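Engineer: following is a predicted model, sequence given first.
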Amino acid sequence: MNENVKTYLRIAGGFIVVAILVYAVWFLFRSDVSDHGTTANDVTEQLDTVDSEQRAAQNSLESVQSGLDDSQRTVDKLDESTRNAQSAADGISESNTNIANAVNDAKTANSSSAAIIADSERRIADCQSIIQDVRKTAGTVTENH
């Protein structure tokens, strides 16, 4: 081959290589790079949407956690109230037992008092009978003298 033809081929090959490099650079750095019908801007918007949705999901999780914490505090307060109510119920039960014992003691004292009153009434009747006998006897003794 002729030297001129080789030179022209080298120059043409160089232009072809430069043209391929320019095309590759243009293809890689263009603003409307397409991937399955979507542009880089669409992908960026989708990533922004995903990021926003992740933040919303995180906020929802934090809200749920806050609600669970509030619920736990409520359960703890209910548990404390239940213990206090049980303590009060135990105190009422103890008071009822004490009242029942006091009523039984009063009934026993009442029965004893009734027995003492009956005995006292019997003794009074005996004393009155003795006094009447003494008066009769004293009246007879005074008449005989």
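Structural biologist: Cool, the structure landed.

Engineer: C-alpha from now on. contacts and neighbour counts both.
Structural biologist: Noted.

Engineer: helix or strand for residue 84, which one?
Structural biologist: In this assignment (DSSP states H and E), residue 84 forms part of helix 40-144.

Engineer: what is the least confident helix or strand in this structure?
Structural biologist: Sorting the helices and strands of the chain by mean pLDDT, DSSP states H and E puts strand 34-35 at the bottom, at a mean of 55.

Engineer: work out the gap between the helix holding residue 84 and the centre of the chain.
Structural biologist: When C-alpha coordinates are averaged (CA atoms, centre = their mean, to the nearest Å), helix 40-144 and its chain have centres 26 Å apart.

Engineer: I'd like the average pLDDT over that helix.
Structural biologist: Mean per-residue pLDDT for helix 40-144: 90.

Engineer: for that helix, packing partners?
Structural biologist: Contacting helix 40-144 under the criterion 3 or more CA pairs under 8 Å, 6 or more residues apart in numbering; DSSP states H and E is no other helix or strand.

Engineer: again, 10 Å this time
Structural biologist: strand 34-35 (3 or more CA pairs under 10 Å, 6 or more residues apart in numbering; DSSP states H and E).

Engineer: residues in contact with residue 103?
Structural biologist: 97, 109 (CA atoms under 10 Å, 6 or more residues apart in numbering).

Engineer: could you report the distance from it to residue 25?
Structural biologist: Applying CA to CA, to the nearest Å, one obtains 107 Å for the distance of residue 103 from residue 25.

Engineer: over to residue 11?
Structural biologist: With distances taken as CA to CA, residue 11 is found 21 Å from residue 25.

Engineer: same deal with residue 104?
Structural biologist: Distance of residue 104 to residue 25, given as CA to CA: 108 Å.

Engineer: ok, now residue 17?
Structural biologist: Separation of residue 17 from residue 25 (CA to CA): 12 Å.
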